[in-house]
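Q: okay, predicted coordinates and the sequence, questions at the end:
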Amino acid sequence: MSEKRALVFLAAFPTLLLLTGLIVEPVSAVPEGLLRIITSRSLLLQDYLAVGGIGATLVNAGICGLVCVALVKQCRVQVNGPFIAAVYTVIGFAFFGKNIFNIWPIFLGVLIYARTQGLPFRNSLLVALFGTTLAPLVSYFAFVSGMPQPAGIVFGLATGTLVGFVLPPLASHMLRFHDGYNIYNIGFTGGIVGSFFVAVFRSFRFQVAPEIILSTRYDRFFEIFFGVIFLSLIVLGLYVARASYRKLGDSMWRILSSTGRLVSDFVQIGDHAATFINMGVMGLIASAFVLLMRGNFNGPVIGGILTVVGFAAFGKHPLNCIPVLIGVVLASLITVWETTTTIVIIAGLFGTTLAPVSGQYGPLAGVIAGFFHLSIVMNVGVLHGGVNLYNNGFAGGFVASFLVPILDALKRSRKPA
Amino acid sequence: MKHETKKISKIVDEILTYFLFHFNAKAEITITPEPKRYRMLFRFTDVPITDEAYAALDARLVVKRQPELEDYYWQLTGEIEDSNELMLVAMMCDSIEMRRDGNDITLSLVRSI
């Protein structure tokens, strides 16, 4: 597939969200909803569907996604697995935490870092896109910290820029903590950075704490909407591969044989067609998981599903994800956490950040990783007060770094020549 | 480019680890620093590699330098004993030539700086 067509593919989904947002609600209601979204806390777990309504939320997600696609185009980077994952992740989190106001300072901070290092921005673009995990810091200081205006907005923008500036070197360094077994590495990095900043801010009497606001109004709409999109991805993959289904089979097999450990770019390991099919299949599996758990299709859950779909181009496939999902469900059945709650369901969806553990050490290791992940993720959010949207990536870093050396020691030495 | 020396070391580490772990092969390595690039020459002898494994290795070493990924992920190179970050190596090099002569394999890598 040509780069131009790949870029059109990348832009198609956010464009669809944008147009849908302008259709499902009167256009006149969108600006007011967007303003409510922009000025909201945006810390975990703030569902923009409940804050701004469905139209404004879809428009917000669409615009955020298109901004990312524009940056990918402007920087002339290849539309490969990592960038597909990054764009879908930003779109997913634009349902609960990222918005058209708070993502910019992070981009600016990364840009300033690149300039000070004498590097082109494209070298740090991936960190910039994923780095919007800390965008809620901007919203918090700008609108809800109690600081007088416009000082609050200025402080929020400055904090976001500073965070963006420190992310690239830290993100690269943090990889060594879990050796690439936690796919959401920026989530782990964001957790460390967020905890550092929040600890300092709490020393100055700022109260930074998670707050849960969730919508239950749009379940049926999103079940159908995303079901159609995921099926369309599979059809698209079959269409792109129409010249040779045997080649498609080989590509799918290479993807399914991959451990998923960073850096597993499925566009390169397989090809575009196989990647699209994997994305569609993973979307259907994630949706089925939510329905089986009797969960709601609210903002965070949609974010979780879309992140799984995005990372189905960059490390996740059914064979390495399902064991982790099973592990989270098993843990929820015997622990104090209620199985059907949104927080447990998103722990399952985002817990697939540990898919490489399953891919490398087998399904049982994946189940164990998912089992421990639920407990860890329920305890680390307090450190950063909800400013790090990829809280599961933060927890996944701890789980992977704890389990991998043990699994490695227990594993029988093998040499697959 | 930053960390250039360390990146070269990690590329060497990754290639060497791969051949030692999978084939326990005898290795000779020559690193040649030049003004604007590094040349890395690996000679592995007595490599018990099958035709299929060689073809798979060749496919993984298709060069596609991607600075947008390299600056972020380079620290993972050479970190895991039995894993293979050869794709990362391919992302970090400008050219890779691999030749096979019986059970001997020669790899020639060039990385511009």
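A: That came in fine, so what should we check first? Residues are numbered from 1 along each chain as shown, chains lettered A, B, ... in the order given.
Q: just the helices in chain B please.
A: In chain B, the helices defined using DSSP state H lie at B:4-23, B:51-60, B:67-73, B:86-92.
Q: looking at those helices, spot the one closest to chain A.
A: Taking Cβ to the nearest Cβ, helix B:67-73 is the member of the helices of chain B nearest to chain A, at 4.3 Å. No exception for glycine: its C-beta is placed from N, CA and C like everyone else's.
Q: neighbouring contacts of that closest one?
A: Around helix B:67-73, the neighbours that count as contacts under Cβ atoms under 8 Å, 6 or more residues apart in numbering or on different chains are A:75, A:77-78, A:80, A:82, A:119-120, A:122-127, A:168, A:171-172, A:175, A:180, A:262-263, A:265, B:7, B:88, B:91-92.
Q: among the helices of chain B, which is nearest residue A:187?
A: For residue A:187, the closest of those is helix B:67-73, at 14.2 Å, according to Cβ to Cβ.
Q: distance from the chain centre to that closest one, please.
A: Distance of helix B:67-73 from the chain centroid (Cα atoms, centre = their mean, to the nearest Å) equals 16 Å.
Q: need phi/psi at whichever residue of the stretch 201-350 of chain A sits closest to chain B.
A: Here the stretch 201-350 of chain A gets closest to chain B at one residue, residue A:263, 5.0 Å apart by Cβ to the nearest Cβ. When quoted as degrees, to the nearest 10, the phi and psi of residue A:263 stand at phi -110, psi 100.
Q: ok, of the contacts of helix B:67-73, which come out buried?
A: For those, a burial check counting by 16 or more other Cβ atoms under 10 Å in any protein chain shown picks out A:75, A:77-78, A:80, A:82, A:119, A:122-127, A:168, A:171-172, A:175, A:180, A:262-263, A:265, B:7, B:88, B:91-92.
Q: coming back round to it: of the contacts of helix B:67-73, which belong to helices?
A: Using DSSP H, these in helices are A:75, A:82, A:125-127, A:168, A:171-172, A:175, B:7, B:88, B:91-92.
Q: which pLDDT value belongs to the residue most central in space within chain B?
A: Residue closest to the average C-alpha location in chain B (Cα atoms, centre = their mean): residue B:15, at 4.1 Å. The model reports residue B:15 with a pLDDT of 91.
Q: excluding chain neighbours, give the residue nearest to it in space.
A: Closest residue in space to residue B:15, ignoring its immediate chain neighbours: residue B:42 at 5.8 Å, by Cβ to Cβ, 6 or more residues apart in numbering or on different chains.
Q: contacting residues around that neighbour?
A: B:15, B:16, B:19, B:27, B:28, B:29, B:105, B:106, B:107, B:108, B:109.
Q: what's the answer for residue B:87, then?
A: By Cβ under 8 Å, 6+ apart, the residues touching residue B:87 are A:263, A:265, A:268, A:269, B:60.
Q: kindly report the same for residue A:401.
A: Applying Cβ under 8 Å, 6+ apart, the residues contacting residue A:401 are A:177, A:178, A:179, A:181, A:182.
Q: can you tell me the element it falls in?
A: helix A:391-410 (DSSP states H and E).
Q: give the buried residues for that helix.
A: Quick answer for helix A:391-410 (16+ other Cβ under 10 Å): A:391-401, A:403-404, A:407.
Q: and the end-to-end length of stretch B:70-78?
A: 14 Å (Cα to Cα, to the nearest Å).
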